[in-house]
Every structure is written in C-alpha cells, then in structure tokens.
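*Asks:* Based on what follows, work out the 3D shape:
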Amino acid sequence: MKSSITFGRLGTHSLLAFFLIAFALGCTRLTPQEREHYASRVYDIPHERVFEAVKERVRQYPMGLQEADPQQGIVKSRIGGTTPGIGATVGYQITVMATAEGERTRVVPSWQMNISSEPTKTHLLPVTIDDRPLLYLEFFDALDEQLHKARQ
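*Replies:* Residues are numbered from 1 along each chain as shown. Predicted structure coming up:
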C-alpha cells in the first residue's frame, strides 16, 4: 500500500515538474529580446562620419530623408505615403540619434507607426522592440556595411 502512495506522489510530482518545465520553455523566446541587444551600437568612428552614414542609411528607406540636424544628432525620415483610394497617410517613421561620446559615436534608432486615417493628421505610436526586432538588425547591418566601406 505504501509503495502505491509513493509511486502516486512521484507521478504527481513528475507531472507537475513536466508542466512547469513546459510552461517555462513556452515563455522563452528564440531571439534575444533585451533592449540593449538591439537598441543601440557604439562605433569607434568620429561623429561626423557616422552621422553622414546614418543620413545615407535613412535615405535608403522608402520613406526617404526628411530632416538631419548634425548639432542635435537627429536624423528623421518622412512618414510613409498616401494610400491610393483612401487618402490616408500610413507607414513608419524612423528617428535616429547619433551622439558623440568622446572619440566614439552611439547610434540609437527608433521607429514609430502612424495610425491616423486622416491624410493631414498623424498620430505616431512607438514600435516596440518586441514587435520589431528585425528592424534593428536590418538597420544596423546596412549601417555597419556602409561604415566598413567608408573605412577602406
């Protein structure tokens, strides 16, 4: 009798352990989601060169370049375009901060999404890193390539 109770308890504990492990594995993500992994990079390159490369990178987006202020270190794209038939402004805007840190330069891009249905108004909401980790990777891969070519 005692052995069946022990096996019963062992089975219950094993089942609980299985569900706990399955739950923990289900909550983990395959890609790193820490903001610092994606959100910024520091380059051992002077601010002026990095700023010009950031401008060129933003210019490559379909939205195109809207504003570039080297004193503030801000580069912005335009916001999407007009959708045929409905006349609403849709799409994303990227804003990039390029900040000098001594001889190094930190680059921090951020995306916003327009949710306005009116063509003359915009209502921008941030695109979170959990929603768009590939935006960071794509941005930095192309920027790294531009800066690598500029060094050669």
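*Asks:* May I ask which helix or strand of this protein has the lowest mean pLDDT?
*Replies:* Counting by mean pLDDT, DSSP states H and E, the weakest-scoring helix or strand in the chain turns out to be helix 2-27, with a mean of 49.
*Asks:* Where do the helices of the chain begin and end?
*Replies:* Ranges of helices within the chain are 2-27, 35-38, 47-59, 133-151, based on DSSP state H.
*Asks:* Report the mean per-residue pLDDT for the shortest one.
*Replies:* Across helix 35-38, the average pLDDT comes to 61.
*Asks:* which residues sit in contact with Val96?
*Replies:* Contact criterion CB atoms under 8 Å, 6 or more residues apart in numbering gives 54, 57-58, 74-76, 107-110 as the residues in contact with Val96. Just so you know, the C-beta spots here come from the backbone N, C-alpha and C atoms, and that holds for glycine as well.
*Asks:* Derive a PyMOL selection command for the buried subset of the residues you listed.
*Replies:* Only the buried entries of the contacts of Val96 go into this PyMOL selection, using 16 or more other CB atoms under 10 Å:
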select buried, resi 54+57+58+74+75+76+107+109+110
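*Asks:* CSV for the contacts of Val96, including distance to Pro133?
*Replies:* Rendered in CSV, the data for the contacts of Val96 read as follows (distance: CB to CB, whole Å):
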residue, distance to Pro133
Val54, 20
Arg57, 18
Val58, 19
Ile74, 23
Val75, 21
Lys76, 21
Val107, 16
Val108, 15
Pro109, 12
Ser110, 13
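*Asks:* taking the contacts of Val96 one by one, which sit in strands?
*Replies:* With strands defined by DSSP state E, the entries of the contacts of Val96 inside them are 74-76, 107-110.
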